[in-house]
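Student: Provide a 3D model corresponding to the input given below.
(one chain, ligands or ions: 1)
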Amino acid sequence: MDERPIGVFDSGFGGISVLAEASRILPAEDFLFLGDNRNAPYGDKTPEEVLAFTRAAVARLIGLGCKAVLIACNTATSAAAETLRNDLALPIIGMEPALKPAALLPGGGAVLVMATAMTLKLDKFHSLMARYGQNAVPVPCPGLVEMIEAGETCGPCVTAKLNELLAPYLDRPVKAVVLGCTHYVFLKPVLRACLPPNVTLVDGNEGTARQLKNRLMQKGLLKTVNGSGPNARGKIEFMSTAEDRAMPARMRAWYNRFVETLDSACISTPDTVE
Ligand code: DGL
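Tutor: I've put the predicted structure just below:
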């Protein structure tokens, strides 16, 4: 029994979608969420900058007593997870675009992998492509994280942006679209409407949450609670590097809204994490 919280970190709002899944799978655990909104988006920074931001965020979460850190960001995982694992003793769980389960879906057609330019450029993605990328097409999505950070997750501007990003790739049969950035999970309903109905949306959130649970179990770090009273549900706290002091309350509102609207338009599998 380990009562310390789990740290969850992202460049901004995207990781809230992973936090929701982690808390669903580990309801008794306490979570501290940290969004580096001041430095978002990470995708157009250098890998060295993202490593420095991620190191600082993880250090802050460790300083607050976290027993493990979930990097709920594909970009930060690609740029920083391996280095931080070599430097730190606590479990660090990361993410990668869920290309494997998408590639293994039945049927023919391309697998479009939407992600930040940095995720698509770094070694981690290249080795994924070498294993599962036979029919995969990388789709960099400049500008999308900025829209989501500005609070735009639906409406005509978002639809126009997604149509513009995807149009060059929809001239071929497509079987799946991988959401290789945690921010994009908030766009699922709009994406669904932009794509032919036979296209499956795939994200890595559930697989990542299961990996977190497995790692905590292996290390004997799970918080276990007897019974199902109010104390059986863990606490979730939100923090941000943004100067706007209302940000943690906004994050909580995003979290609550997302939990209410979790839909089944997307599949996630346990095989989608590193
Ligand atoms: N949520 C991050 C990811 O999964 C977004 C990256 C960014 O800030 O550009 O890659």
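
Student: Once you drop chain neighbours, what's closest to residue 64?
Tutor: Excluding its sequence neighbours, the residue lying closest to residue 64 (Cβ to Cβ, 6 or more residues apart in numbering) is residue 32, at 5.8 Å. Backbone N, C-alpha and C define where each C-beta goes, glycine included.

Student: can I assume that neighbour sits in a helix?
Tutor: No: Residue 32 sits outside any helix when classified using DSSP: H, G, I helix; E, B strand; the rest coil, being strand.

Student: in terms of contact, does it touch residue 4 like I think?
Tutor: No: with contact defined as Cβ atoms under 8 Å, residue 32 does not reach residue 4; the gap is 9.7 Å.

Student: Next, work out how far apart residue 164 and residue 144 are.
Tutor: Look at residue 164 and residue 144: by Cβ to Cβ, to the nearest Å, they are 10 Å apart.

Student: Between the two, which is the more surrounded one?
Tutor: Set side by side, residue 164 and residue 144 show more neighbours around residue 144, with 23 against 10, by other Cβ atoms under 10 Å.

Student: Look up phi and psi at residue 139.
Tutor: Here is the backbone geometry of residue 139 (degrees, to the nearest 10): phi -120, psi 90.

Student: tell me the contacts of it?
Tutor: For residue 139, the contacting residues are 112-115, 165-166, 169, by Cβ atoms under 8 Å, 6 or more residues apart in numbering.

Student: Which member of those is positioned nearest residue 178?
Tutor: Residue 178 lies nearest to residue 113 out of the contacts of residue 139, by Cβ to Cβ, at 4.5 Å.

Student: With adjacent residues omitted, what lies nearest to that closest one?
Tutor: residue 178 (4.5 Å).

Student: so the one you found is in which element?
Tutor: strand 174-179 (DSSP states H and E).

Student: pLDDT on the helix or strand that that strand is followed by, on average?
Tutor: Using DSSP H and E, the next helix or strand after strand 174-179 towards the C-terminus is helix 188-194. Regarding helix 188-194, the rounded mean pLDDT is 95.

Student: quick check, distance from helix 188-194 to the centre of its chain.
Tutor: From the chain centre to the centre of helix 188-194 is a distance of 18 Å (Cα atoms, centre = their mean, to the nearest Å).

Student: what about the closest residue to residue 2 other than its chain neighbours, which SS state?
Tutor: Nearest residue to residue 2, sequence neighbours excluded (Cβ to Cβ, 6+ apart): residue 221, at 4.5 Å. Classification of residue 221 using three-state DSSP returns coil.

Student: quick one: pLDDT of residue 221?
Tutor: 97.

Student: And it, how close does it get to the ligand?
Tutor: When distance is defined by Cβ to the nearest ligand atom, to the nearest Å, residue 221 is 24 Å away from the ligand.

Student: Would you agree that residue is in contact with residue 67?
Tutor: Yes: counting by Cβ under 8 Å, residue 221 does reach residue 67; the two are 5.1 Å apart.

Student: Who has more neighbours out of the two?
Tutor: Counted by other Cβ under 10 Å, residue 221 and residue 67 do not tie: residue 67 has more neighbours, with 21 against 17.

Student: From the ligand, how far off is the more buried one?
Tutor: 23 Å.

Student: was I right about that residue contacting residue 2?
Tutor: Yes: in terms of Cβ under 8 Å, residue 67 counts as a neighbour of residue 2; the distance is 5.4 Å.

Student: so what sits against both of the two?
Tutor: Common contact partners of residue 67 and residue 2 (Cβ under 8 Å, 6+ apart): 216, 221.
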